[in-house]
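In: 3D model of this:
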Amino acid sequence: MQTGYINKLNISLSLVTFVLQIFVLMILLIKIAEGRNVKMFEFYFSGSPSTPHDYHYHDFYEIFFLLSGENKSFFIEDKTYITKTNDLIFIQKDLLHKSNFVSQEYKRIVIHFSNDYVDNDIILQMESLFSSRIYTPENPEAVKKHIMGIANETGKKDVFSEHLVKLNFLGLLAYCARNKSEYFPSPSNPAVERLVKHINNNLHNKLSLQQAAEMLKMSEGHLSRLFVKNTGFSFREYITIVRIKNAKQLLRDTKKPIHQVADECGFNDSNYFSTVFKDATGLSPLEYRRTLESQSRPSHFGQS
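Out: Predicted coordinates for the structure are as follows:
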C-alpha cells in the first residue's frame, strides 16, 4: 500500500515538473514574441517533408538560407516570392510572412537576430537587402563557408565561441552587402498584389470578397482560389490576421482606449473585437496591454 502511494506521488511530481517546464517555456516564447530588448542571436537547421508553415511576425530580423529544395513559395507582407536552392531570404522586423514548400523535401538554415546584436551602421548597410528580400549569391560556397563557421561554433561553450559566431555572422552580412545579387523576382499575380495592398491600406473600412471581386472584375469564386494560391491565406483569414497585428501594435505603442483600437482596425463592435483578439492571442485586449506594461516596467529587485 505504501509503495502504491509513493508511485502515485512520483507521478504527481512528474506532472507538476512537466507543467512548470511548459510554463517556463511559454514565458520565454512570449518574451521573444513580444520583442524584449535583449541582444538575441538564434541559429538553427531543419529539414522536413513538404508542409506549410503558419503565418507569423516578430520584432527581430530573420535570414533564411535554402540549402536544398526547389520552388519554395514565400509570402512576405504583400508579395509572393518563389525561391530556389542557395537563395537567401531577408525578412525585416514586424512583417507578416508565411512559407509553403512545393518540392517534397527541403533543408534550411534560419538565423534570428535582434536590433542591438549588431551596430546601427551595419543595419543601415543591410537596408537594401531587407528591401529586396531575396538574394541569390554569385558564389554560394562563400555564403556556406560563413554559415558553417556559425554552425561549428554554436555548439561550443568556450570563451571564443560567442565572438567567433558573431565574426562569421558579420562576414556573412558583409559578403551579401558587398556582392551584387543575381536574383530577379518572379512577378506575383498583379490582381492579388493589388488586392493585398488595398486591404493593408483600408483595414479600418468594411472589406468583403464581393467588393474585392467587383473591384478586380472577376467572380468571387475565382478570386478566392487565386488569393489562397498566391498568399497561402483565405481572403477572410488574411484580413483578420492583419487587423489583429495592427491592433497589437496600437495596444503596445499607444494609450488609445480599446473601443478606439477596435474601430481603427475595422471592428465596429468592441465586444466582437475582444472575442477575435482573444481567439488569436489567448488574451483579451486589456490583458494583452497590461502584460506588456508589466514587462516594460523597470525592475527594482536588489536595489537599496
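In: hmm, who's touching stretch 147-160?
Out: Judged by CB atoms under 8 Å, 6 or more residues apart in numbering, the contacts made with stretch 147-160 from elsewhere in the structure are 43, 45, 65, 109, 111, 161, 164-165, 167-169, 171-172. For every residue, glycine as well, the C-beta is placed using N, CA and C.
In: Now with 7 Å, please.
Out: Among residues not part of stretch 147-160, those counted as contacts by CB atoms under 7 Å, 6 or more residues apart in numbering are 43, 65, 109, 161, 164-165, 168-169, 172.
In: Whichever of those residues count as buried, I'd like them selected in PyMOL; how would that read?
Out: Only the buried members of these end up in this PyMOL selection, burial being decided by 16 or more other CB atoms under 10 Å:
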select buried, resi 43+65+109+164+165+168+169+172
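In: Looking at the contacts of stretch 147-160, which one is closest to Lys206?
Out: Proximity of those to Lys206 (CB to CB) peaks at Phe65, which lies at 41.5 Å.
In: Partner strands of the helix or strand that contains that closest one and their direction?
Out: Phe65 belongs to strand 61-68 when assigned by DSSP states H and E. Note on strand 61-68: by DSSP bridges, its sheet partners are strand 88-91 (antiparallel), strand 105-113 (antiparallel).
In: hang on, the earlier thing: just the ones of the contacts of stretch 147-160 in helices?
Out: Applying DSSP state H to the contacts of stretch 147-160, the entries found in helices are 161, 164-165, 168-169, 172.
In: between the residues you listed, which is closest to Asp59?
Out: For these, the closest approach to Asp59 (CB to CB) belongs to Phe169, at 19.0 Å.
In: Let's see the pLDDT reported for that closest one.
Out: The predicted local distance difference test score for Phe169 is 93.
In: Where does pLDDT dip in the stretch 1-150 of the chain?
Out: Counting by pLDDT under 70, the stretch 1-150 of the chain contains low-confidence residues at 1-39, 47-54, 70-72, 100-104.
In: Cool, thanks, signing off.
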